[in-house]
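no FASTA, just this:
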């Protein structure tokens, strides 16, 4: 029992950190979070998604957007026992973060054969800034990590023990991980190739790599069946991520495009930028929702150890090469789709970076030179100090800075006014402007949070041109700007700068502004308008 105490202690400390004020940091709900939550709520209640499909393999958000299934089903499991709230929809991802920390301990113990270094692996991942940020949102960016770490442990153990069942388990984990996040469509096959290459180098028996392949491809059979019946959906997904478009209508044309000389040059340049020290160790993602700009993807002390770890692995050429392969291949998914500074699409860089850093730390701490050992200890001590500075900013000022990016409408205040304890009397109709960013999904999230599903049948889309509207959640009716058809007391929500306001508010118009909602930074965000 004592052997589990170190990992239990690290995981418990991480749980306090990752679940602390989970409903308030981030302080607003993003549009994608709302989409995940509403599909999960429907699954938890009926077993069908909001479009009526029974336990679907993928979830349609709009005609061009499909979500991976894993997070939806994880949130649905929580919503079986909890009501919809910011905390309940984010709890599954925070829980996965703790699983990641525990798995890092297991991988570190297998790789380094030491409890001390295993604890260091787990602690460094828990204190990785990007891991904390991505693990406190109801988004599936870190969903692949438990499967990558589980696969890595199975691979390391299988090649040491010649255990065919562990090789099979590693392949199965990669197969399940394929459905965790869209970037896993690249990451998991690359990990399988890494598996086969590693087994070849260490001269493992053929039954091991056959078992790994069998596990991986067995779980891709459902995907193959789904593609057979939803070929258009796959095309939409590929087009959305710029692998193909209207000018490259076939998969072959897309591959030929990617192999063009100038495209290769462009992608190589982008790939190199993912290893920019400023991005990795100083500033992090420029997206306010994904980085504080107070720290990099990794903390600076971990970066120093990571740099030495790369040098040590290249010099020794042992199992650490496997770590380098994972670290170097992490940006492939965003590079292929020509996306820069996308830590969310290369999240697997974090565990591999931490493992390489611990590899470097071990080499330095076991040096016969006392000065080297002392300097290494000092570098390690800077990690919790810098993390404390980062965490303080994350839980205070950063919440405000990120809020404008995550929810530019400040829809939480709109819902508070319309649905909260001090809401106006009965609202006959609630009109959402079509121009609102994920307005329908956000609105339904808050209807569920405030237990006001009775308002959903009275929700209309405001369509200035009276065009047909395809809703993400339900076939909502549309309404033109016609004051005679709008019931008295109805409420409208528009962007603060929506030109449609002039047709509703003013002399001789049917409505008046009752609330100007401001963003967290104090700028005009949205308007709440009501008929007189």
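Yep, that arrived. None of these values were measured; they are calculated from a predicted model.

now residue 89: which helix or strand?
helix 86-112 (DSSP states H and E).

next structured bit after that helix?
helix 115-126.

give the other helices and strands that whichever helix or strand comes after that following helix contacts.
Once helix 115-126 ends, the next helix or strand along the chain (criterion: DSSP H and E) is helix 129-134. Using 3 or more CB pairs under 8 Å, 6 or more residues apart in numbering; DSSP states H and E, the elements in contact with helix 129-134 are helix 86-112, helix 370-395. The way it works is simple: take the backbone N, C-alpha and C, and place the C-beta from them, glycine included.

what's next to helix 129-134, contact-wise?
For helix 129-134, the surrounding residues in contact (CB atoms under 8 Å, 6 or more residues apart in numbering) are 17-18, 93, 97, 100, 125-126, 141-142, 284-285, 290-292, 295-299, 343-344, 347, 350, 387, 390-391, 394.

let's see 6 Å
125, 141-142, 295, 297, 343, 350, 390 (CB atoms under 6 Å, 6 or more residues apart in numbering).

closest one of those residues to residue 489?
Nearest to residue 489 among these: residue 141, at 42.0 Å, using CB to CB.

now do the closest one against residue 336, distance only.
Per CB to CB, to the nearest Å, residue 141 is found 17 Å from residue 336.

just the buried positions in stretch 20-40, please.
22-23, 25-40 (16 or more other CB atoms under 10 Å).

ditto for stretch 111-129
For stretch 111-129, the neighbour count (16+ other CB under 10 Å) marks 111-112, 117-129 as buried.

tell me which residue is most central in this structure.
Central residue of the chain (CA atoms, centre = their mean): residue 141, 2.3 Å from the mean position.

the helix holding residue 89 - what's its average pLDDT?
For helix 86-112, the mean pLDDT works out to 97.

just the buried positions in it, please.
Neighbour counts over helix 86-112 (16+ other CB under 10 Å) mark 86-98, 100-112 as buried.

just stretch 182-198 next, same as before
Result for stretch 182-198 [16+ other CB under 10 Å]: buried residues 182-188, 190-192, 194-195, 198.

after the one helix or strand in the chain whose mean pLDDT sits lowest comes which helix or strand?
Within the chain, confidence by mean pLDDT, DSSP states H and E is lowest for strand 478-479 among all helices and strands, at a mean of 52. Toward the C-terminal end, the helix or strand that comes next after strand 478-479 (DSSP H and E) is strand 491-495.

got the contact list for that following strand?
414, 427, 430-433, 435, 501, 526-530.

filter these to the buried ones?
Listed as buried from these are 414, 427, 430-433, 501, 526-530; burial here means 16+ other CB under 10 Å.

out of those, what pair is the most spread apart?
427 and 501 (19.0 Å).

what is the three-state secondary structure of residue 293?
coil (DSSP: H, G, I helix; E, B strand; the rest coil).

the nearest residue to it once chain neighbours are set aside - how many residues pack around it?
The spatially closest residue to residue 293, leaving aside those adjacent along the chain, is residue 283, at 5.5 Å (CB to CB, 6 or more residues apart in numbering). Counted with other CB atoms under 10 Å, the neighbours of residue 283 add up to 18.

same check on residue 522?
For residue 522, the count of nearby residues is 9 (other CB under 10 Å).

in three-state terms, label it for me.
Per three-state DSSP, residue 522 ends up coil.

any idea which of the buried ones among the contacts of strand 491-495 is least confident?
residue 501 (78).

separation between the spatially closest residue to that residue that is not a sequence neighbour and residue 456?
Nearest non-adjacent residue to residue 501, counting by CB to CB, 6+ apart: residue 494, 5.8 Å away. According to CB to CB, residue 494 stands 20 Å off from residue 456.

now swap in residue 519 and tell me
Going from residue 519 to residue 456 by CB to CB gives 26 Å.

which one's more surrounded, those two?
residue 519 (20 against 15).

which ones are touching the more buried one?
By CB under 6 Å, 6+ apart, residue 519 lies in contact with 404, 410, 525.

next structured bit after the strand or helix carrying residue 315?
Here residue 315, judged by DSSP H and E, is contained in helix 300-316. For helix 300-316, the succeeding helix or strand toward the C-terminus, using DSSP H and E, is helix 320-329.

and the helix or strand just after that following helix, how far out from the chain's middle?
On the C-terminal side of helix 320-329, the closest following helix or strand by DSSP H and E is helix 332-336. Its chain's C-alpha centre and that of helix 332-336 lie 16 Å apart, by CA atoms, centre = their mean, to the nearest Å.

after helix 332-336, next one along is what?
helix 349-365.

from the contact counts, what lies against that next one?
helix 115-126, helix 300-316, helix 320-329, helix 370-395 (3 or more CB pairs under 6 Å, 6 or more residues apart in numbering; DSSP states H and E).

return the closest of the contacts of residue 519 with respect to residue 78.
For these, the nearest to residue 78 is residue 410 (25.6 Å; CB to CB).

report the contact partners of the residue lying closest to that closest one once chain neighbours are set aside.
Once flanking residues are discounted, residue 410 sits nearest to residue 525: 4.4 Å by CB to CB, 6+ apart. For residue 525, the contact set (CB under 6 Å, 6+ apart) comprises 409-410, 496, 517-519.

and if you look at residue 301?
Under the criterion of CB under 6 Å, 6+ apart, the neighbours of residue 301 are 379, 382-383.

closest one to residue 66 out of those residues, please.
Closest to residue 66, out of all of the contacts of residue 301 and judged by CB to CB, is residue 383, at 39.1 Å.

how near is the closest residue to that closest one other than its chain neighbours to residue 106?
Once flanking residues are discounted, residue 383 sits nearest to residue 301: 4.3 Å by CB to CB, 6+ apart. Residue 301 sits 24 Å away from residue 106, going by CB to CB.

do the same with residue 144
From residue 144 to residue 106 the distance is 17 Å (CB to CB).

where in the stretch 101-250 of the chain is pLDDT low?
Counting by pLDDT under 70, the stretch 101-250 of the chain shows low-confidence ranges at 235-236, 238-250.
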